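> Predicted model follows, preceded by the sequence.
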Amino acid sequence: MAWFYQATDFLTDSLVNQQTRISLLVVTGASFALGLLISLCLSSGSPRQDKILASPLTMLVPSLSDAEKKALPLPPDVFPGSRDVATPYGSIRVYEWGPEDGTKVLFVHGITTPCLALGGIAHALADRGCRVILFDLFGRGYSDAPSDLPQDPRLFITQILLVLASSPLSWTGIGSGRFCLVGYSLGGGIAAVFASYFKELLSSLVLLAPSGLLRDSRINIQSRLLYSHSLIPDALLNFLVAWRLRSGPLVPRDTNGKTVGADDALVQELPEPALDPVELLSKAYPKANIREAVSWQVRSHAGFVHSFISSMRHGPILQKNELPSWRRLGKVLTQQQNLSPKEQQAKGLRSGKVLVMCAKHDAIIPKDELVEDATAALEGNVEFRFFNAGHEFGSTKADDIALQIMEFWDQTT
């Protein structure tokens, strides 16, 4: 695959140097032709792709002994209260535990990791009396992946509503107390869009390094080429991304404020190896860590690569696509400020503000840009907290995050 990366490197240089436009066209055409040929070879004679790409829960786990299941990097019972929710989009893996009368908190994880990444925060809040729900986004962990639908905000919002409907408790009805929605990275972008439509279901909104306001200038040209809908055939793109993921260790890199690409989105949610044991993500499996779980997921989940690519293309990531949702949320929060305290309790987020947590050394979501853009889009109806960490802080600063969330609640009760 060296030819591919050499070609994309050359394409990048060509876009910068206006004098090499002819070379760019030649290389692009050659790359496309070769890519199309490889794509046809890869797909020739293969059966029609299933609409549902099954998770390891169906494809792997049934063949394992109990001991082998417990030895997996992501054991099926990694959290308490597991259930599998059958839906038209495939099965969704959900975990729910904590006091039934506790403050309700729903978590949405990022683009690469399964929900294990937010286990530390969930345990910390459950230990303090909260009722928590974690679930795997489509194509991650033990959730299936629909292959015939884009992984866009509409699909993710539908998934959240299906998860809520599957609970034996009422999370949205009269007397439910509503729920706090916590989203991390891609999950933060999903949570912001959800809140812009369904804020009356929420008691509070907490966003950890959220996507959705990433400036287009932050995405490097190579990734724009890689995820173009027309330049590279889907079968070839799936093959290349899978090859990249399985060809070596997934190690975060220092971007030094430069543009970022798909590789960065893949790995920046992963802590540095030395940080893996810092936070306890699963009480049942104290040695469970994100890096091993993601590597296993890449190898074992038939729908992961498809889901990652689809989320990169269609998910709530770039400001140019998602700014209207953020502005809609900001507008309704401003309108809420004119309501009486009783009306605010009944109709909107109890604080009238969104809590956004940022990492000072985030290579994906730059702190200064996020503060500026979120403040403007939400019309100032936002509070910020900062952590001396990188993008992975959702799993490495779990207890501190839980305390900050509870302090935020205390300010608004």
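Yes, it's here.
> contacting residues around the helix or strand harbouring T158?
Using DSSP states H and E, T158 falls within helix 153-165. Helix 153-165 is contacted from outside by 85, 87, 89, 92, 94, 106, 108, 133, 135, 137-138, 146, 149, 171-172, 179, 189-190, 193-194, 197-198, 315-316, 322, 325, using Cβ atoms under 8 Å, 6 or more residues apart in numbering. The C-beta positions use only the backbone N, C-alpha and C, and glycine is treated the same way.
> and the spatially most central residue of the chain, helix, strand or coil?
The centroid of the chain falls nearest to G110 when counting by Cα atoms, centre = their mean (2.1 Å). Counting by DSSP: H, G, I helix; E, B strand; the rest coil, the backbone at G110 sits in coil.
> thinking it is in contact with G394, fair?
Yes - in this structure G110 lies within contact range of G394 using Cβ atoms under 8 Å: 7.3 Å.
> Pull up the overlap in contacts between those two.
Among the neighbours of G110, those also in contact with G394 (Cβ under 8 Å, 6+ apart) are A117, Y184, S185, E269.
> ok, back up a step: do you know the pLDDT at the residue nearest to the centre of the chain?
On the pLDDT scale, G110 is placed at 96.
> Run through the residues that contact it.
Contacts were defined as Cβ under 8 Å, 6+ apart; by that measure G110 touches A117, Y184, S185, L186, G187, E269, G394.
> how about a cut-off of 6 Å?
G110 sits next to Y184, S185, L186, G187, E269 when contact means Cβ atoms under 6 Å, 6 or more residues apart in numbering.
> Could you tell me which of those belong to helices?
When DSSP state H defines the helices, the subset of the contacts of G110 inside them is L186, G187.
> buried subset of the contacts of G110?
The neighbour-count criterion (16 or more other Cβ atoms under 10 Å) marks Y184, S185, L186, G187, E269 among these as buried.
> List phi and psi for the closest residue to D136 other than its chain neighbours.
Nearest non-adjacent residue to D136, counting by Cβ to Cβ, 6 or more residues apart in numbering: S143, 3.9 Å away. Backbone geometry at S143, expressed as degrees, to the nearest 10, gives phi -100, psi 140.
> Now name the helix or strand holding the nearest residue to K367 once chain neighbours are set aside.
When the adjacent residues along the chain are set aside, K367 lies closest to C358, with 4.5 Å between them (Cβ to Cβ, 6+ apart). With secondary structure defined by DSSP H and E, C358 is part of strand 354-359.
> same question, V132
In this structure, V132 is located in strand 131-135 according to DSSP H and E.
> what element comes up after that strand heading to the C-terminus?
strand 145-146.
> Direction included, what does that next one pair up with?
Looking at strand 145-146 with DSSP bridges, its partner strands are strand 52-53 (antiparallel).
> ok, back up a step: so which of the contacts of helix 153-165 are in helices?
Per DSSP H, helices hold the following members of those: G189, I190, V193, F194, Y197, F198, E322, S325.
> Include neighbour count when you put the residues you listed into CSV, please.
Written out in CSV, the entries for the ones in helices among the contacts of helix 153-165 read as follows (neighbours: other Cβ atoms under 10 Å):
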residue, neighbour count
G189, 32
I190, 33
V193, 25
F194, 26
Y197, 14
F198, 15
E322, 24
S325, 20
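> Now for these: which two are most distant?
Largest separation among these by Cβ to Cβ: F198 and E322, giving 16.0 Å.
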